[in-house]
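>>> sharing a sequence plus its predicted fold:
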Amino acid sequence: MYDSIASSRYLIQLKGVWSTKKNTTMQLEPVGDPHARPVVLRDLENAIHDMLHSLVDLHKAGYTHRDLRWENCIKVNVEDEWKWVIIDLEAAGGDGEEWEGDGLTAWNESTLEDCNGKKIYTNASDMYQLGKLIVEATYSGYGEEDQDLYALGEKMQWECPAAMMMLEEICKSGCERCCKFDRAKSVSSLTRPRGQSFLSG
C-alpha cells in the first residue's frame, strides 16, 4: 500500500523497514503533532483542504482509511507553514472490503453499507467521517462564519461526495497552499464540476 501512495504529500510515508528475529521496525515520516486541533477558522479550512488531498490520493490507490479521526491527523511544519497529514494506515483496506476486527470506535456502524450482514467500508465511509470531524471542530465555535462549515459537515454525513469532487471545489489551478507544499505538482488539471456546487446550500 505504501508504494502506491509514495507520491502523496498529505499522507504518512514509509521510509524504511528493519526486521530482526523478534520484531519489525518501521520508519514513518513526517513527524508532527497528533494532539493538534484547528484553533481558528482558517486552521479548519486548511485542515479540510489537506485532508481532502490525503483522501483523494488514498482513494485513487484503491484504499479507504477506515479510522479517520483527529488523533490520526498530525500537524507538520513545512517552511514555516503548517500542513495536516493523515497517519495511522494500519486499519486501511480496499474500497468495499469488510472490516474483520472488533470495529473502529470512531464509526457509527449504522452508517456503513450492509452487504449480506457484513459491514462494508467504502470511500463514502471516509467522507462521512470527515463530515463528522468538521461538525466536531465547529462545536468549539469560530464565530458566525463557522455556521457554513457546520452545515457542510452535516450535509456530508447524509450526502457523501467523492473526495475529488469536493477538492475540485476548493483547490483551483494555482492554489497558493498547494504551491507551498508541492511545487513539483501541477493542479491545473483540476476543473470545477458542472452543475450545482456541493459547497453551496
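Great, that's in hand. Numbering: from 1, shown residues only.

>>> contacts and neighbour counts: CA atoms only from here.
Noted.

>>> geometric centre of this protein: which residue is closest?
Averaging the C-alpha coordinates of the chain gives a centre point, and the residue nearest to it by C-alpha atoms, centre = their mean is residue 51 (3.4 Å).

>>> which residues in this protein form helices?
Counting by DSSP state H, residue ranges of the helices within the chain are 41-60, 123-138, 146-158, 163-170, 176-181.

>>> deepest in the core, which of those helices is it.
Between those, the one whose residues have the most neighbours on average, counting mean count of other C-alpha atoms under 10 Å, is helix 123-138 (a mean of 23).

>>> now do that helix, average pLDDT.
Summarised as a single mean, pLDDT over helix 123-138 is 89.

>>> tell me which other helices or strands that helix touches.
Packing partners of helix 123-138 (3 or more C-alpha pairs under 8 Å, 6 or more residues apart in numbering; DSSP states H and E): helix 41-60, strand 63-64, helix 146-158.

>>> mind listing residues that contact it?
Outside helix 123-138, the residues that touch it by C-alpha atoms under 8 Å, 6 or more residues apart in numbering are 37-38, 44, 48, 55, 59, 63-70, 95-96, 107, 111-112, 146-147, 149-158, 160-163.

>>> stretch 77-91 too?
By C-alpha under 8 Å, 6+ apart, the surrounding residues in contact with stretch 77-91 are 9-12, 32, 46-47, 50-51, 54, 65-67, 72-76, 181.
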